[in-house]
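K.L.:
Dropping a prediction and its sequence here:
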Amino acid sequence: MNEKFQLSCESTVDLPYSYVSGRDVSVLFYTYSVDGVEYTDDMGRDESARAAFYELIKAGKMPTTSQINTYRYLEYFRPLLEKGDVLHVAFGSGMTPSVDNAMKAAKTLRAEFPDRQLIIVDSTCSSSGYGMLVDIAADLRDCGEDAEAVEEWLLSIRKKVHHNFFVTDLTMLRRGGRVSGPTAAIATVLGICPTLRLNETGHIVADGKVRGKQNAINATVQAMVDHMDGDLNYSGKCYVSHANAAEDAEATKAAVEATFPNLKGKVQIYDIGTIIASHCGPGTVALFYMGDERE
């Protein structure tokens, strides 16, 4: 394999497109639909797109998402392979079966491009946690690692990327049938916030429920402490992402930085993209970091 290779991902990394493209990472975009109209997961390229998305939700619309099919992967990978070898980090299989289609496309394309190598890595991650794994891959590539070495690194650390989040607005969970109407109504009145996480396979599991945003923030930061075995010297990558909840994201960032002083203000805040937000809804805040292996 050539030492130089192209790094690729999908738009659900929930990092700004300007950042991802600036790191020389190619992107395959997901889409969502509302009332039969298809929209692209924009990654912040159009500043008005995210606001328009939340206006649709406010109006009572229910966005729907779908996996990326094999044909789209074929059309996406071909021009990349014409330039060289490709390492594609895929949206976690716990969130979507799209990675299976990516692997089917890769099998076909390896026959078409026998002198190229196309590596598919199942990130087992989601949102900006997925973005963190891609960011690490770009760091390794830029340090001179070849694609096979980067693949090995990713497979060894992907389940150490933690995803802890809480939801303060149960509207989308109720509309999607994940929470019953009466339960959502009671939780709203009492200020109950579910806390959740991704498990070792990349599936969302409930972690608990607390009353009030501050307690939700405290529980989320405490989970980070627990996955560091109480070691507060962590100085690695740490991201906070949110779905139309900037104030809560800032409060979470402040709590993390107060608890982990070696971060020295390096917590990055990002927007949750429209694909993830179509399921979790507004009022979601997530914390991502490297720790022990996810349970």
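P.N.:
Received the coordinates, thanks.

K.L.:
What are the structural domain limits within the protein?
P.N.:
Each structural domain of the chain that the record assigns through automatic domain parsing is listed here as a residue range: 6-159, 160-290.

K.L.:
Can you pull the poorly scored residue ranges out of the protein?
P.N.:
Judged against pLDDT under 70, the low-scoring parts of the chain cover residues 1-3, 170-190.

K.L.:
Just the helices from it, written as ranges.
P.N.:
Using DSSP state H, the helices of the chain run over 17-22, 47-58, 70-83, 98-112, 127-142, 147-157, 171-175, 181-190, 213-227, 246-259, 274-280.

K.L.:
Quick one: residues contacting the most centrally placed residue in the chain.
P.N.:
The residue lying closest to the centre of the chain (CA atoms, centre = their mean) is residue 127, at 1.2 Å. Contact analysis of residue 127 by CB atoms under 8 Å, 6 or more residues apart in numbering lists 12, 13, 14, 163, 241, 272, 273, 276, 286, 288. All C-beta spots, glycine's among them, are computed from the backbone N, C-alpha and C.

K.L.:
And residue 43, by the same measure?
P.N.:
With contacts defined as CB under 8 Å, 6+ apart, the neighbours of residue 43 are 11, 15, 16, 17, 20, 27, 29, 273.

K.L.:
Compute the number of surrounding residues for the fourth one.
P.N.:
When neighbours are defined as other CB atoms under 10 Å, residue 17 has 18 of them.

K.L.:
got it, and the second one?
P.N.:
Using other CB under 10 Å, residue 15 is surrounded by 28 other residues.

K.L.:
likewise the fifth one?
P.N.:
The burial count assigned to residue 20 is 22, neighbours taken as other CB under 10 Å.

K.L.:
Which one of the helices of the chain lies nearest to residue 206?
P.N.:
Distances from residue 206 to each of the helices of the chain were compared using CB to CB; the shortest belongs to helix 171-175, at 11.4 Å.

K.L.:
about what we covered before: most neighbours among the contacts of residue 127, which one?
P.N.:
Counting neighbours by other CB under 10 Å, the top entry in these is residue 12, with 32 neighbours.

K.L.:
And that residue, how far from residue 231?
P.N.:
If you measure residue 12 against residue 231 using CB to CB, to the nearest Å, the figure is 30 Å.

K.L.:
Likewise for residue 56?
P.N.:
Relative to residue 231, and taking CB to CB, residue 56 is found at 43 Å.

K.L.:
Comparing these two, which residue is more hemmed in?
P.N.:
Neighbours were tallied for residue 56 and for residue 231 using other CB under 10 Å; the higher tally belongs to residue 56 (18 against 10).

K.L.:
Hmm, the more buried one is touching residue 32, no?
P.N.:
No - with the criterion set as CB atoms under 8 Å, residue 56 and residue 32 do not qualify as a contacting pair; they are 9.8 Å apart.

K.L.:
Now do the shared contacts for the two.
P.N.:
Jointly contacting residue 56 and residue 32 under the rule CB under 8 Å, 6+ apart are residue 63.

K.L.:
For residue 90, which non-adjacent residue is closest in space?
P.N.:
By the measure of CB to CB, 6 or more residues apart in numbering, the closest residue to residue 90 outside its immediate chain neighbours is residue 99, 4.1 Å from it.

K.L.:
is it true that the one you found touches residue 105?
P.N.:
No - judged on CB under 8 Å, residue 99 makes no contact with residue 105 at a distance of 10.5 Å.

K.L.:
what does stretch 266-276 rub up against?
P.N.:
Residues from elsewhere that reach stretch 266-276 (CB under 8 Å, 6+ apart): 11-12, 14-16, 30, 32, 39, 41-44, 49-50, 53, 63, 65, 126-128, 131, 235, 237-243, 246, 249-250, 253, 256-257, 280, 284, 286.

K.L.:
residues in contact with residue 291?
P.N.:
Contact partners of residue 291, counting by CB under 8 Å, 6+ apart, are 160, 162, 224, 227, 228, 234.
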